[in-house]
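Engineer: predicted coordinates and the sequence they were generated for:
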Amino acid sequence: MAPSLTLEVCLTPEAGPHEIRVGFTATRKLGGAVVRNRAKRRLRAAAATVLPLYGREGNDYVLVARQGTLTRPFSGLLDDLTTALHAAHIKLGQLTAGEPG
C-alpha cells in the first residue's frame, strides 16, 4: 500500500494474450462526488502514464484512491504506482526482486 493509492492485481480470467484491464475506485469515505471524481481522474492519468511501461499483459489492475491521491504531487503518484506495480509483479511471480519493471 502506497501513501496515495492501493493497487489490486490478479491474472485476467479468459483474457487474450495482449490485454491489460484496469479499473478505478474511490469510496465515499474520501469525500463527495466531486472529490471522488477528481481522485479517479488523477489515477487514470497516472495509469495512462505508467501502465504502458510497466503493466503486464494478462493482468487486471484496480487502483483504489486514498486520501493522499488528492494531495500528493503527480510525480509522487507516478512513483507510488510504479513501486506498487513492481511489488505486485514480484508477488505474482512475474518478476524477480532485482529485475526492473
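Structural biologist: Here it is on my side, so go on. Numbers count the residues shown, from 1 in each chain.
Engineer: in the host helix or strand of Cys10, what counts as buried?
Structural biologist: Assigned by DSSP states H and E, Cys10 belongs to strand 5-11. By neighbour count on 16 or more other Cβ atoms under 10 Å, the buried set for strand 5-11 is 5, 7, 9. C-beta: built from backbone N, CA, C; applies to glycine.
Engineer: give me the low-pLDDT residue ranges for the protein?
Structural biologist: Scanning the chain for pLDDT under 70 picks out 1, 15-17, 95-101.
Engineer: quick check: Leu51 touching Val22?
Structural biologist: Yes - assessed by Cβ atoms under 8 Å, Leu51 is found in contact with Val22 at 6.3 Å.
Engineer: overlap in contacts, these two.
Structural biologist: Tyr61 (Cβ atoms under 8 Å, 6 or more residues apart in numbering).
Engineer: return the residues in contact with the residue nearest to the spatial centre of the chain.
Structural biologist: Closest residue to the average C-alpha location of the chain: Leu63 at 4.2 Å, with Cα atoms, centre = their mean. By Cβ under 8 Å, 6+ apart, Leu63 lies in contact with 5-7, 22-25, 43, 46-47, 81.
Engineer: just Phe74 next, same as before
Structural biologist: Per Cβ under 8 Å, 6+ apart, neighbours of Phe74: 42, 45-46.
Engineer: can you flag the buried ones in those residues?
Structural biologist: For the contacts of Phe74, buried by 16+ other Cβ under 10 Å: 42, 46.
Engineer: report how many residues lie close to the closest residue to Arg42 other than its chain neighbours.
Structural biologist: Using Cβ to Cβ, 6 or more residues apart in numbering and skipping residues adjacent in sequence, the residue nearest Arg42 is Thr69, 5.8 Å away. Residues within reach of Thr69, counting by other Cβ atoms under 10 Å, total 27.
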